[in-house]
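Asker: need coordinates for the below:
(one chain, ligands or ions: 1)
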Amino acid sequence: MAAKKIKEGIYWVGAVDWDRTIFDELVTLPEGTSYNAYIVFGSGKTALIDTVEPLKGEELLRNLKELKVNRIDYIVSNHSEQDHSGMIPEILKLYPEAKVVTNKKCKQMLIDLLDLPENVFQVIEDGETLSLGDKTLQFFLAPWVHWPETMFTYAVEDKVLFTCDFLGSHIATSELFDTSDENRAKVYLETKRYYAEIMMPFRNFIKKHLALIDKLQPEILAPSHGVVIKETEFILNAYRRWVSDEVKPLVIIPFISMHESTRRMVDFLTSELSKRGIAVRPYNLTSVDIGNVAMDLVDAAGVVFASPTVLAGAHPAIISFAYLVNCLRPKTKLATVIGSYGWNGVVTVKHIQETLRNLKAEWIEPVMVKGLPKEEDYTRLEELADKIAEKVREYASLKLS
Ligand SMILES: Cc1cc2nc3c(=O)[nH]c(=O)nc-3n(C[C@H](O)[C@H](O)[C@H](O)COP(=O)(O)O)c2cc1C
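Answerer: Numbers count the residues shown, from 1 in each chain. Modelled structure (predicted):
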């Protein structure tokens, strides 16, 4: 994709990965992705802000050539992960006069990850500025979105904030900005997916970073994946909702069933919750896109883990999912377990609860059934639906922060 102008003297020079389907060997990419690098031409100096995934490095080099960039004074590194930093060694070869501008932690990580030598760095502190002549860059440490060394770079006069992974989305597009109506829904969805999969564990750090952005009042948010954002409030408001403690009256039921017993319980509970006016979404974990479940976890009030007992514990697919939920630390307020067993179902409940030790949710009494659910088991599920519905209403009506 050719270089694109953002403002006078500021250009997108990144790369678009149209057909990438998975990231970190974990996260699916229904819309592909992009690696956004930017160049800022001041009257005196030129700064490149982040680079791209080395597999797409040719695209970055082509864009620099197209813009006739014959000197780079600074390579600003907002984040040391290789999809943004991986081309720094190549850029240093082509522009040996350049200094890598970053914070102390990021410097060490770049040395560790890319084997860069000590002498290429210029270390900055939180809030420090760097003059490019008629343009100024200011750096703000923004730890844990999503690594400890992450930071933002602000083009002060132009009011463009380069946030690296923060506020990003995995979208491959030829559109630089998010302005078209058709694009809006996609940007919202993919930004939510990105938040759910990458940023959600860092909710409390993000609250602080949003407060900083409120102070800066940038006109443009330029993340390192997906579209560049002109309608800043559209994305910032979404983030504000996601990181708040408010939940929606939604219950998700991730489930596995080998011989249909657990599935019958899931179908029945789904219907009973729906009858009680609670939004509910069962997810069969054998075929689901985990990103979709993660998006619901952003604001669901409750999760019901539904599993058969297998070899003295829960089904491994449920445990694998529960492990992920434990890492993502959603704000889910209540949780419970349902499922079927042959001779001992207690172990299943314990296995799931132990896996979810980071989840700060209220645990509701589980319903475990021997074999297929019978009349009295359906009655227990009705009672469970009553309890869940009552609690969900209570939690979803609270304005917690
Ligand atoms: C491979 C396998 C291992 C099992 N291990 C246990 C077990 O350790 N403890 C137990 O109580 N039941 C065990 N069972 C029995 C199932 O939990 C029981 O059949 C249950 O009703 C299956 O639920 P489903 O129909 O939702 O798959 C096992 C079943 C299978 C197929």
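Asker: what's across from Thr28 in the sheet?
Answerer: According to DSSP bridges, the partner residues bridging Thr28 are Ile22.
Asker: could you check how far it is from Pro54?
Answerer: 22 Å (Cβ to Cβ, to the nearest Å). To be clear about C-beta, it is placed using only N, CA and C from the backbone, and glycine gets the same treatment.
Asker: quick one, strands of the stretch 201-350 of the chain?
Answerer: Assigned strands in the stretch 201-350 of the chain, in chain order: 220-223, 248-255, 279-284, 300-306, 334-341 (criterion: DSSP state E, counting those that start in this stretch).
Asker: how far off centre is the third one?
Answerer: Relative to the centre of its chain, strand 279-284 is centred 21 Å away, using Cα atoms, centre = their mean, to the nearest Å.
Asker: the ligand contacts on the protein?
Answerer: In this structure, the chain approaches the ligand at residues 257-262, 308-312, 340-345, 371, judged by Cβ under 6 Å from any ligand atom.
Asker: buried among these? Make that a ChimeraX selection.
Answerer: Selection command for ChimeraX covering only the buried members of the residues of the chain next to the ligand, criterion 16 or more other Cβ atoms under 10 Å:
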select :257,261,262,308,309,310,340,341,345
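Asker: quick check, pLDDT for the residue of the stretch 51-200 of the chain found nearest the ligand.
Answerer: Residue nearest to the ligand within the stretch 51-200 of the chain (Cβ to the nearest ligand atom): Ala196, separated by 27.5 Å. Ala196 carries a pLDDT value of 98.
Asker: was I right to think it contacts Asp289?
Answerer: No - at 11.5 Å, Ala196 and Asp289 do not qualify as touching, with contact defined as Cβ atoms under 8 Å.
Asker: so between those two, which is more surrounded?
Answerer: The residue with more neighbours, out of Ala196 and Asp289, is Ala196; 23 against 13, by other Cβ atoms under 10 Å.
Asker: how many residues are close by the residue lying closest to Pro330 once chain neighbours are set aside?
Answerer: Of all residues not flanking Pro330 in the chain, Leu297 sits nearest, at 4.1 Å (Cβ to Cβ, 6 or more residues apart in numbering). For Leu297, the count of nearby residues is 23 (other Cβ under 10 Å).
Asker: which ones are touching Leu297?
Answerer: Ala196, Met200, Ile252, Val303, Val325, Leu328, Pro330, Thr332 (Cβ atoms under 8 Å, 6 or more residues apart in numbering).
Asker: quick one: which of Thr28 and Pro54 has more around it?
Answerer: Counted by other Cβ under 10 Å, Thr28 and Pro54 do not tie: Pro54 has more neighbours, with 18 against 15.
Asker: let me know the pLDDT of the more buried one.
Answerer: In this prediction, Pro54 carries a pLDDT score of 98.
Asker: repeat that for Arg184.
Answerer: 89.
Asker: when you give positions from now on, start the count at 52
Answerer: That works, and once the first residue is 52, the last one we named lands at Arg235.
Asker: quick check: it touching Asp229?
Answerer: Yes - assessed by Cβ under 8 Å, Arg235 is found in contact with Asp229 at 6.6 Å.
Asker: which residues are common contacts for those two?
Answerer: Phe285.
Asker: look at these two and report which has more neighbours.
Answerer: Neighbour count, other Cβ under 10 Å: between Arg235 and Asp229, Asp229 has more, with 23 against 13.
Asker: how close does Ile304 sit to the ligand?
Answerer: 13 Å (Cβ to the nearest ligand atom, to the nearest Å).
Asker: which residues touch that residue?
Answerer: Val317, Leu320, Thr321, Val331, Arg332, Pro333, Tyr334, Val354, Val355, Ala357.
Asker: can you read off the pLDDT for it?
Answerer: On the pLDDT scale, Ile304 gets 98.
Asker: if it is in a bridge, with which residues?
Answerer: Beta-bridge partners, per DSSP bridges, of Ile304: Pro333.
Asker: okay, the strands of the stretch 252-401 of the chain in CSV with distance to Phe74 next?
Answerer: Converted to CSV, the strands of the stretch 252-401 of the chain look like this (distance: least, Cβ to Cβ, whole Å):
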stretch, distance to Phe74
strand 271-274, 15
strand 299-306, 22
strand 330-335, 21
strand 351-357, 23
strand 385-392, 28
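Asker: deepest-packed of these, please.
Answerer: When you average the neighbours per residue for each of the strands of the stretch 252-401 of the chain (mean count of other Cβ atoms under 10 Å), strand 351-357 leads with a mean of 27.
Asker: quick one: that one to strand 330-335, angle?
Answerer: 40 degrees (axes from the mean of the first three to the mean of the last three Cα atoms, to 10 degrees).
Asker: work out the gap between strand 351-357 and the centre of the chain.
Answerer: On the basis of Cα atoms, centre = their mean, strand 351-357 sits 20 Å off its chain's mean C-alpha point.
Asker: now that strand against strand 385-392, angle please.
Answerer: Angle, strand 351-357 to strand 385-392, by the same axes, to 10 degrees: 20 degrees.
Asker: what does strand 351-357 rub up against?
Answerer: Residues from elsewhere that reach strand 351-357 (Cβ under 8 Å, 6+ apart): 298-308, 313, 316-317, 320, 333, 348, 365, 369, 372-373, 376, 381, 383-390, 403, 412, 439, 442-443, 446-447.
Asker: domain-wise, how is the protein divided?
Answerer: 55-281, 302-445 (the TED database).
Asker: check contacts around the residue of the stretch 102-251 of the chain closest to the ligand.
Answerer: Gly342, Ala345, Met346, Leu348, Val349, Leu379.
Asker: what about the closest residue to the second one other than its chain neighbours, distance to Val196?
Answerer: In this structure, Ala345 finds its nearest non-sequential neighbour in Ala247, 3.8 Å apart by Cβ to Cβ, 6+ apart. For Ala247, the distance to Val196 equals 14 Å [Cβ to Cβ].
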